[in-house]
Each structure stands twice: as C-alpha cells, then as structure tokens.
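Participant: model this:
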Amino acid sequence: MTRFITYPKNATVITVIVCFLLILCIGFVGLMVGTPLLSPIQLWHILTSSNNTVNHVLVMQSRLPRFVLGSLAGALLSVSGVMLQNVMRNALAGPELLGVSSGSAAVMAAIIIFQLPISYTWQPWLALLGGVIGGGFVVVASWRDKAPARVILIGVAVSSLLNAVITTIVSLGQQDTISLFYDYFVGGLEDRTWVQVELILPWVVILCVSYLFARQLNTLQLGDELSVGLGLKVSVLRLLIFILAIALVAPVVATCGPISYIALLAPHIARHLLRTQDTLRIIPVSMLVGAVLLTYADFLARTLFSPLEIPVGVWTTLLGGPLLLLLLGRRLGRNQA
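Facilitator: Okay, here's the model as predicted:
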C-alpha cells in the first residue's frame, strides 16, 4: 500500500527531470544540426561570444528563438488541454476539437488576408475573442448532453463551419496574402524570431494563474453536486477556467498558427506516466511534455527532409490523429458495453 501511494510522487520528480533533460538535449542538438552543421565546440563559442559571424547570427537569431518559441508554445497548449479536459470532464477535449483553434484562426485569416492595420500586440487578444466565440458555440450546444462523442461531433461541426468561413475569407484575398496565410495556416515555427517570442512571453503568466486553479479542477472531477456541496460556484468557475484555457491557446495561434493535437496528447501522456489524475501534478508534467513534443516535432520538420521543410503542424497532426481515433474508439466501446 505504501508503495502505491508514494509511486506517483516519485514518478513526478523523475518525469520532470527526464523531460527537462530531453528539452535540453533537443535544444542542444537542434542548435547544431542544419546547414551548416556545427560541432559542440563551435556551438559553445557561439553561445558564449558576441561576434557577428554568419554562424552566430544563424544560431542566435534563427535556431535559438525558434527553439524557445516551440518550448513556450508547447507548454501553453498542453496546459490548455489539461484545463479543457478537466473542466469538461472529457478526455477528448482539446482546442482543435472544440472550435477554439478554428475561431482564433478565422480572426487571424481576416487580419492577414485583408491586411488589417492591427499591431502584433493586439493580435493574440483578437485571437482570444475568436477562440471564445468558437468554443462558446460548442459549449452552449452541448450544455444539456455532455456525452464525449456528442461534444466532439458538435466541435467538429463548428470547426467545419469556421473553416468554411476561413475559406471564404481566403477566396477574397490577393495571391500574395493567400500565400502568406497558407504559410501561417499549416502551423509552424519557420522564420519565427525573437519578435514572436516577445509577443508570446507575457502570456506565459497565465500558466502560473492556471496552476492556482488545480485544486478546484480536482474537485470538479468529483461531479457538480459534490463540488457545489464543497462551496464551489461551479458555473462561474467553469466559465473562468474555460476562458483561461482559451487564453493559453490564443497567443500560440496568433504567432505559430493552429498547431493541432499537442493540447490533446500531452495531458494523456502525463497521466499515463504519473498514473494519477491529480491536476497539481499533471499540469507541470504536461507543460514539460508539451514542450518536448513540439520542439521534437519541429526538429523533425526542420531536419528530416532537409533542405525541404514539412511544417510542424503536419507532424503534430500525423502524431495526434491516430491517438484521437484510439481514444474515441475506447470511449464508444465503453458506452456500448
């Protein structure tokens, strides 16, 4: 019995250390691999010097900000997935399946295609508004019947509608803006610089705010009646957590495009590794797992078919799509049983 109780705690420490080391390894190798290929000694000199050589500019202005942005984006998406899955008590919940990502992408489509004079600073806020509208439709439509399969079907329907809106907006654009939007819409970290890192960095504070709701999320898993009995204002709390979850997605969509399935995949991996549903442990581990997944996917995107680059959004979809089918199949099997 003692071993069963202490295992999750030990697993949390071990998993955090392993994930942190994996992030460092991916970052270190990613900074070296590419054209040109750098040795560890060359990379060390670049990181510790301030010269203006070509290799120094390449690492410090291209590879390093890309890695930092991928780590931050992966962390934001994964914690958003934890919050959505817990607050909706739905293991299939994720921003790409609830209309959140599509809503944010629709706003960004209008900004890019119509070249609206909106600064980078305001774009995440408008993406947040689009995500709230898209996700709000799904929540309202599935309010009475919260069966996981039904929620996902409604989410897919809303996402399809929003994608039709995006297609309509794109059809009204010029060739140059359409090409620019396509590069954005597939989701990726290519050509991202410190400008995008500075844009997304203030939103990392929401990670800390989200962790403050971990105990309430644990209570919500017990059911609405018990949560009310314990003094929680369930409706207000659900709305607040839902908005926080979307606020974690909005800056990622604004800077990197709609990168799918990190939010769905990372929480499940964290729960499997820790063998617990305790949100106090799941959130920090999911954050690191998400960073590992996205930075590794971007490393593959940049190097596997070099000099060609397959956008990281394609890699995460290829990884997360089969998982979604597996989870949905298990849910339907349990319901039939």
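
Participant: and residue 240, which helix or strand is it part of?
Facilitator: Here residue 240 is covered by helix 234-256, with elements defined by DSSP states H and E.

Participant: may I have the following helix or strand past that helix as PDB, with CA atoms only?
Facilitator: As assigned by DSSP H and E, the chain's next helix or strand after helix 234-256 is helix 262-274. Coordinates of each C-alpha in helix 262-274 appear next as PDB, following Å, rounded to 0.1, in the frame of the first residue of the first chain:
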ATOM      1  CA  ILE A 262      -0.300  18.900 -28.600                       C
ATOM      2  CA  ALA A 263      -3.100  20.000 -26.200                       C
ATOM      3  CA  LEU A 264      -4.800  16.700 -26.600                       C
ATOM      4  CA  LEU A 265      -1.800  14.400 -26.500                       C
ATOM      5  CA  ALA A 266       0.400  15.900 -23.700                       C
ATOM      6  CA  PRO A 267      -2.100  15.500 -20.800                       C
ATOM      7  CA  HIS A 268      -2.700  11.900 -21.700                       C
ATOM      8  CA  ILE A 269       1.000  11.200 -21.800                       C
ATOM      9  CA  ALA A 270       1.400  12.900 -18.400                       C
ATOM     10  CA  ARG A 271      -1.400  10.900 -16.800                       C
ATOM     11  CA  HIS A 272       0.000   7.700 -18.200                       C
ATOM     12  CA  LEU A 273       3.500   8.400 -16.900                       C
ATOM     13  CA  LEU A 274       2.300   9.500 -13.400                       C
END
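
Participant: from the chain's centre, how far out does helix 262-274 sit?
Facilitator: 12 Å (Cα atoms, centre = their mean, to the nearest Å).

Participant: sort out which residues of it are buried, please.
Facilitator: Neighbour counts over helix 262-274 (16 or more other Cβ atoms under 10 Å) mark 262, 263, 264, 265, 266, 267, 268, 269, 270, 271, 273, 274 as buried. (Each C-beta comes from the backbone N, C-alpha and C, glycine too.)

Participant: most centrally placed residue in this structure?
Facilitator: residue 77 (2.1 Å; Cα atoms, centre = their mean).

Participant: picking up where we left off before, nearest to residue 166 among the buried residues of helix 262-274?
Facilitator: residue 263 (19.6 Å; Cβ to Cβ).

Participant: gap between that closest one and residue 248?
Facilitator: For residue 263, the distance to residue 248 (Cβ to Cβ, to the nearest Å) stands at 8 Å.

Participant: shared neighbours of those two, which are they?
Facilitator: The contact sets of residue 263 and residue 248 overlap at 77, 80 (Cβ atoms under 8 Å, 6 or more residues apart in numbering).

Participant: okay then, goodbye and thanks.
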